[in-house]
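Chemist: Quick one: sequence plus predicted model below, questions after.
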Amino acid sequence: RDEIVPINRKYGIEELLGACAAYPGASNARRITFEYVMLKDKNDSDAHAHELVRLIREYDLPAKVNLIPFNPWPGSAYECSTPERIRRFSDIVFEGGISAPVRTPRGRDIDAACGQLKTTAEKKSRAERDREAAEAAAG
């Protein structure tokens, strides 16, 4: 978790889940939605799914877990889990009594999905972006 979510070094999973349990909405049956990005060989194993269920149950959280297939970009250090792996993960979480729908990625084929647009902009220097903006404004 420290590698994927660096702020975990300051606020660990226990502190995060404790805050979720203390959240006022948790006491009146509103569900907390967790967004879980599926990364091949990083956080997608059966053991990870069982641990996720254990943690949500340990903190008695009314929760839903949206499973989000990772949207890769050129040079990314991560890959998306296979559809079969994501389905298996979802099944384990669901069998643990927690809703775990798989989100449908959109725009991935044109590098326009969540997390992909930034990389296109980063490839251009600040001067290039400023020049393009000036040209666009000039019409």
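Modeler: Received the coordinates, thanks.
Chemist: going forward, measure contacts and count neighbours with C-alpha atoms only.
Modeler: Noted.
Chemist: F89 contacts D44, doesn't it?
Modeler: Yes. Using CA atoms under 8 Å, F89 is in contact with D44, at 6.7 Å.
Chemist: quick one, which of the two is more surrounded?
Modeler: Neighbour totals were compared for F89 and D44, and F89 leads with 24 against 21 (other CA atoms under 10 Å).
Chemist: Let me know the pLDDT of the more buried one.
Modeler: The score at F89 is 98. That number is its pLDDT.
Chemist: what is the spatially most central residue of the chain paired to in the beta sheet?
Modeler: In the chain, the residue lying closest to the centroid (CA atoms, centre = their mean) is V37, at 3.0 Å. Under DSSP bridges, the beta-bridge partners of V37 are I68.
Chemist: Which residues are in contact with it?
Modeler: V37 makes contact with L67, I68, P69, F70 under the criterion CA atoms under 8 Å, 6 or more residues apart in numbering.
Chemist: Make a PyMOL selection of the buried ones in those residues.
Modeler: One line in PyMOL is enough to select the buried ones among those; burial here means 16 or more other CA atoms under 10 Å:
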select buried, resi 67+68+69+70
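Chemist: got the contacts of V37 as TSV, with pLDDT columns?
Modeler: Output for these, formatted as TSV (pLDDT from 0 to 100):
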residue	pLDDT
L67	98
I68	95
P69	94
F70	92
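Chemist: Can you tell me which of the contacts of V37 is nearest A127?
Modeler: Ranked by distance to A127 (CA to CA), those are led by F70 at 30.8 Å.
Chemist: That closest one: what's it in contact with?
Modeler: Residues near F70 by CA under 8 Å, 6+ apart: V37, M38, L39, E79, C80, S81.
Chemist: Most widely separated two among these?
Modeler: The widest separation within the contacts of F70 (CA to CA) is 10.7 Å, between V37 and E79.
Chemist: Please consider this matter closed, and thank you.
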